[in-house]
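[1] Output the structure for:
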Amino acid sequence: MTFLLFLVLILILVIVHELGHFITAKLFDVKVKEFGVGFPPKLIGRKIGETEYTINAIPLGGFVKLEGETGSSEDPRSLSTKPPWQRAIIISAGSIMNFLLAIIILTGFLMIPRDQTTGQVYITEIQTGSPAQSSGLQVGDRILYVGETPIDNLGTLRGAVAQKLGTKVPITINGNGGEKKLNVLARWNPPEGQGAIGVVLELRDPHSITKSYPIWTAFPRAFQEVGTMLSLTWKSIWSWAQGNSPFPGSGPVGIVKGTHEIVDLAGLSSLIPLAAFLSVSLSIFNILPIPALDGGRLLFVVIEVLRRGKKISPEKEGLIHMLGFAILIASVLLISYNDILKIIRGESFFR
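    Model prediction:
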């Protein structure tokens, strides 16, 4: 059941992504030869107008095939004949659509009335040698704010700290010395079981409230949440590239397992914010400057502009994208292998 839900979710995100390329290609009068859901081999297809719409056997992606996408073409409606700014918009439109979709999903989620447990968050234990200990936090302190975010449950605290990984987080507490603000380092890769700052927390005086937001409040909050997801994901990728943290993602196997864990823990409603997070992740992944991805193709457009209109030959670009695709597939297989090992070891994919 979880796998089917994951499959439907991924297909929706992919279709929205490809619609971005499709719509902008039509807007700039670029011929769309095929709109494919899934990767070949083709199962069924139907041609409507100049475009063939296909459903393919491997249901973990999709594509839009444009005239002149992989080389030069004499067709005046070829992508290769369009000015760089139009090509850049068409190439990046998929990631933009996923970003917008995440905002729409979270806006709707915030507008739905739902029960939330709130209370007062207290520190019950300080880990030895942790940033919390060196900063002066003490057992019995009540955490009031992380930055400007008021803290009334454990999830809000974890999310606020996660946004600041690798930096010192301003935490406002109320303790024996009254109210004060301390700067606490949020670690990328803490010892097992310690968390980013090294505290054990307890929610006191818990009570349930029903909360929802009108659209004029939900939309800016959703925009802010998506911005936080973007920032945290970029920081995680950068920290991994510098060797300061483990690889910040999972392959298809890990995502399915993580989805199963989240649904078991928080119910089916948890798929809504998860869909927003996956949409943001898909947006970022595709815009990375990696050959064969949208970001890799966008990089060639940027190089062309920097070279004052002189393009890299289609043969060379095609070869680079082909090599990039091969490396990408090999990386996915390696990540999936590591995900399987995590499952065998009984490790969690999100906690």
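[2] now residue 187: how far from residue 236?
    From residue 187 across to residue 236, the span is 13 Å (Cβ to Cβ, to the nearest Å). For glycine as for every other residue, the C-beta is placed from the backbone atoms N, C-alpha and C.
[3] what residues are shared contacts of these two?
    residue 165 (Cβ atoms under 8 Å, 6 or more residues apart in numbering).
[4] Could you pull out the buried residues of the helix or strand encompassing residue 315?
    Assigned by DSSP states H and E, residue 315 belongs to helix 314-345. For helix 314-345, the buried set under the neighbour-count rule, 16 or more other Cβ atoms under 10 Å, comprises 317, 320, 321, 328, 335, 339, 342.
[5] Ok, stretch 212-222 next?
    Neighbour-count burial for stretch 212-222 flags 213, 218, 219, 222 (criterion: 16+ other Cβ under 10 Å).
[6] Strands - which of these land there?
    Here DSSP state E is the test, and the buried residues of stretch 212-222 give no hits in strands at all.
[7] Flag whichever of these scores worst on pLDDT.
    Across these, the smallest pLDDT goes to residue 213, namely 89.
[8] Now the phi/psi pair for that one, please.
    phi -130, psi 140 (degrees, to the nearest 10).
[9] helices or strands next to the helix or strand residue 93 falls within in the packing?
    Assigned by DSSP H and E, residue 93 belongs to helix 84-111. Other elements packing on helix 84-111 under the criterion 3 or more Cβ pairs under 8 Å, 6 or more residues apart in numbering; DSSP states H and E are helix 2-27, helix 215-241, helix 271-287, helix 294-306.
[10] Please name the bridge partners of residue 174.
    residue 142, residue 179 (DSSP bridges).
[11] Now for it: which residues touch it?
    141, 142, 144.
[12] Selecting buried members of these in ChimeraX, what would you type?
    Here is the ChimeraX selection string for the buried members of the contacts of residue 174, based on 16+ other Cβ under 10 Å:
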select :141,144
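[13] could you redo the contacts of residue 174 as TSV and give each row distance to residue 5 and pLDDT?
    Formatted as TSV, those follow (distance: Cβ to Cβ, whole Å; pLDDT from 0 to 100):
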residue	distance to residue 5	pLDDT
141	41	92
142	39	94
144	38	93
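[14] Among the contacts of residue 174, find me the one that's closest to residue 304.
    residue 144 (52.7 Å; Cβ to Cβ).
[15] Next up, identify which helix or strand the closest one is on.
    Assigned by DSSP H and E, residue 144 falls in strand 142-146.
[16] Could you double-check that residue 123 sits in contact with residue 133?
    No. At 10.9 Å, residue 123 and residue 133 do not qualify as touching, with contact defined as Cβ atoms under 8 Å.
[17] which one of those two has more residues nearby?
    Ranked by neighbour count (other Cβ atoms under 10 Å), residue 123 and residue 133 place residue 123 first, with 20 against 16.
[18] Using the three-state scheme, assign the more buried one.
    Per DSSP: H, G, I helix; E, B strand; the rest coil, the local secondary structure of residue 123 is strand.
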